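Enquirer: Fold the following and give me the result.
(one chain, ligands or ions: 1)
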Amino acid sequence: MDSILVRGGKPLSGQIPIAGAKNACLALMPATLLSDEPLTLTNAPRLSDIKTMSTLLQSLGAEVSSLQGGKVIAMSSHSLNGDRADYDIVRKMRASNLVLGPLLARLGEAVVSLPGGCAIGARPMDIHIDALTALGAEIELKDGYLHAKTSGGLKGGRVALRFASVGATENTLMVATLAKGTTVIENAAREPEIVDLAECLTKMGARIEGAGESRIEIEGVDSLHGATHSVVTDRIELGTFMLAPVIAGGEVECLGGRLGLVSAFAEKLAEAGVEITETAAGLKVRRNGEIPRAVDVVTEVYPGFPTDLQAQMMAMLCTARGTSVLEERIFENRFMHAPELVRMGADIEVHGGTATVRGVDRLRGAPVMATDLRASVSLILAGLAAEGETRVNRVYHLDRGYEFIEQKLGAVGADIERVREE
Ligand code: UD1
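Expert: Presented below is the predicted three-dimensional model:
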């Protein structure tokens with residue numbers, strides 16, 4: 001399995017282009033199942049998760065072509081030949097569960113394996129099931145698969161989510177576009193990826209109001225048509241690369257970045273003493289010689305501090321001045337990077353969902369193990385500041401979420417390379 005070698009201590013300087021959002025793209029792609037006309041996505045990220053979703057859609061009979069080196073995805077679902085999302089695909093990526101709603105809406109039935117994905121907690125499907133049931137689906141669990149069907153057709157209704165789940169909001173939104181009558185989603189997730197999905201569905205003819213707020217109202221239509229949509233900027237990739245110069249020193253301009261996508265995160269960086277400037281092309285981040293200050297972080301649903309940036313923030317706080325407390329409130333098992341950072345000389349204590357990080361003067365390179373997607377990148381970030389060589393093993397998770405990471409960091413002066421192993 002490939003590993004990444006980072007030799008730390010090089011200040012960074014230059015520009016990093018930020019890709020389209022993985023999580024938006026993974027919700028937009030299943031939207032093709034809702035229509036028999038083509039859906040084309042531009043500004044798509046080049047990631048293995050996107051390939052996994054393409055394979056899944058193809059297994060259902062959709063045509064999926066990757067154009068312009070993967071930046072454009074052209075899809076058509078005029079004839080579907082399957083309603084079953086197999087365990088072999090779904091176990092690789094939890095977002096496969098986003099075909100459940102569209103398949104149900106288009107075909108009246110769907111069989112979807114319970115998902116796998118990152119090992120960061122239980123991640124059940126109860127909120128999805130309750131929401132789709134409220135719209136007329138009958139769902140049972142058999143042999144590890146969710147069997148969903150609708151005998152009387154899907155009908156709009158009131159769906160109050162017990163927690164603002166991103167995936168459940170997306171599945172419900174997609175089903176509601178084709179359900180009869182009006183659906184109201186209460187306590188909907190408000191992430192920019194939800195807004196992006198709603199914009200694309202609206203281009204396809206859906207009638208949606210309130211995406212980005214906690215109450216979304218959808219008026220069902222008879223059918224959706226084709227559309228072309230550009231995927232929103234990846235706020236997690238943006239936040240990750242914003243941290244690179246804070247950790248390594250120097251100045252980096254993240255092209256395509258906007259403060260509005262990362263407000264809570266940017267506020268924490270500012271509190272730590274980091275300079276962030278909005279430019280015509282993106283966001284410029286500079287560490288002005290000073291060591292960043294410790295800050296406390298609590299992960300929350302959007303617009304709060306994103307759980308997907310918690311590991312990277314922890315990597316930065318390892319060498320900040322003072323003691324930081326990080327509280328993880330979204331996933332119950334999301335500190336697997338902490339023991340790896342400790343191997344690099346960090347001082348971190350984890351108790352349940354809380355990690356206390358005491359800033360140390362320096363980290364030292366070490367062989368470390370990537371355990372999930374964001375943990376992997378946090379170890380690379382830590383490696384940028386560490387003395388000597390850090391080898392991040394088992395990086396397949398990294399390729400799920402970061403395109404050309406060695407090239408992007410290498411272009412701004414990082415000493416980083418991939419070691420390929422057969
Ligand atoms: C999405 C993101 C992921 C991010 C997460 C939280 C995608 C493809 N992935 O994942 O990167 O970390 O949002 O911002 O967009 N839960 C339940 N029952 C359910 C559904 C969720 O208990 O039916 C729990 C989960 O176990 C978890 C929490 O709710 O603790 C958040 O999950 P959710 O918002 O659904 O995350 P995902 O959509 O899976």
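Enquirer: Determine the number of other residues adjacent to residue 369.
Expert: Using other CB atoms under 10 Å, residue 369 is surrounded by 18 other residues. C-beta: built from backbone N, CA, C; applies to glycine.
Enquirer: Ok, residue 293 next?
Expert: Other residues lying near residue 293 total 15 when counted by other CB under 10 Å.
Enquirer: Same check on the one 5 residues further on?
Expert: Neighbours of residue 298 under the rule other CB under 10 Å: 16.
Enquirer: Any idea how far the host helix or strand of it is from the middle of the chain?
Expert: Residue 298 is part of strand 297-298 when elements are defined by DSSP states H and E. Here strand 297-298 shows a centroid-to-chain-centroid distance of 18 Å under the convention CA atoms, centre = their mean, to the nearest Å.
Enquirer: is that strand up against the ligand anywhere?
Expert: No: using CB under 6 Å from any ligand atom, strand 297-298 never reaches the ligand; the gap is at least 13.7 Å.
Enquirer: Give me the sheet partners of that strand and which way each runs.
Expert: Paired strands of strand 297-298, with direction, are strand 323-327 (parallel) (DSSP bridges).
Enquirer: what's the burial count for the residue lying closest to residue 310 once chain neighbours are set aside?
Expert: Spatial nearest neighbour of residue 310, chain neighbours left out: residue 299 (5.2 Å); criterion: CB to CB, 6 or more residues apart in numbering. Residue 299: 21 surrounding residues under other CB under 10 Å.
Enquirer: how near is the most far-flung residue of the chain relative to its centre to the ligand?
Expert: Distance from the C-alpha centroid of the chain, by CA atoms, centre = their mean, peaks at residue 152 (34.8 Å). Using CB to the nearest ligand atom, to the nearest Å, we find residue 152 at a distance of 24 Å from the ligand.
Enquirer: That residue touches residue 135, doesn't it?
Expert: No: the pair residue 152 / residue 135 is not scored as a contact, 11.0 Å apart, by CB atoms under 8 Å.
Enquirer: And the helices in the stretch 1-150 of the chain?
Expert: Secondary structure of the stretch 1-150 of the chain (DSSP state H, counting those that start in this stretch): helices located at 22-28, 48-59, 87-90, 100-107, 126-134.
Enquirer: Throw the ones you listed into TSV and include mean neighbour count and distance to the ligand, thanks.
Expert: Below are those laid out as TSV (neighbours: other CB atoms under 10 Å; distance: least, CB to the nearest ligand atom, whole Å):
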stretch	mean neighbour count	distance to the ligand
helix 22-28	26	3
helix 48-59	20	8
helix 87-90	18	12
helix 100-107	26	11
helix 126-134	20	3
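Enquirer: how about the ones you listed, which one is nearest residue 271?
Expert: helix 22-28 (25.8 Å; CB to CB).
Enquirer: contacting residues around that closest one?
Expert: The contact list for helix 22-28 (CB atoms under 8 Å, 6 or more residues apart in numbering) reads 39, 41, 44-45, 47, 49-50, 53, 73, 93, 95, 98, 166-167, 170, 191-194, 196-197, 200, 229, 231-232, 234, 236-237, 400-401.
Enquirer: Show the pLDDT at residue 288.
Expert: Looking at residue 288, its pLDDT is 72.
Enquirer: Can you name the residues bridging to the nearest residue to it once chain neighbours are set aside?
Expert: Excluding the flanking residues, the one nearest residue 288 by CB to CB, 6+ apart is residue 275, at 5.8 Å. In this structure, residue 275 bridges to residue 286 when assessed by DSSP bridges.
Enquirer: Look up how far residue 407 lies from residue 275.
Expert: Residue 275 sits 26 Å away from residue 407, going by CB to CB, to the nearest Å.
Enquirer: What of residue 270?
Expert: According to CB to CB, residue 270 stands 29 Å off from residue 407.
Enquirer: what's the closest non-adjacent residue to residue 292?
Expert: Nearest in space to residue 292, with sequence neighbours left out and distances taken as CB to CB, 6+ apart, is residue 272 at 4.1 Å.
Enquirer: and what of residue 398?
Expert: Once chain neighbours are set aside, the closest to residue 398 by CB to CB, 6+ apart is residue 376, at 4.2 Å.
Enquirer: What helix or strand is the one you found located in?
Expert: helix 373-385.
Enquirer: angle of the following helix or strand past that helix against helix 373-385?
Expert: Under the assignment DSSP H and E, the closest C-terminal helix or strand after helix 373-385 is strand 389-393. Strand 389-393 and helix 373-385 are oriented at 170 degrees to each other (axes from the mean of the first three to the mean of the last three CA atoms, to 10 degrees).
Enquirer: Check which residues of strand 389-393 are buried.
Expert: Of the residues in strand 389-393, 390-393 count as buried by neighbour count, 16 or more other CB atoms under 10 Å.
Enquirer: Give me the contact list for the next helix or strand after it.
Expert: Remark: after strand 389-393, the chain's next helix or strand is helix 396-401, criterion DSSP H and E. If you take CB under 8 Å, 6+ apart as the criterion, helix 396-401 is touched by 1-2, 4, 22, 47-49, 93, 118, 236-237, 370-377, 380, 392, 405.
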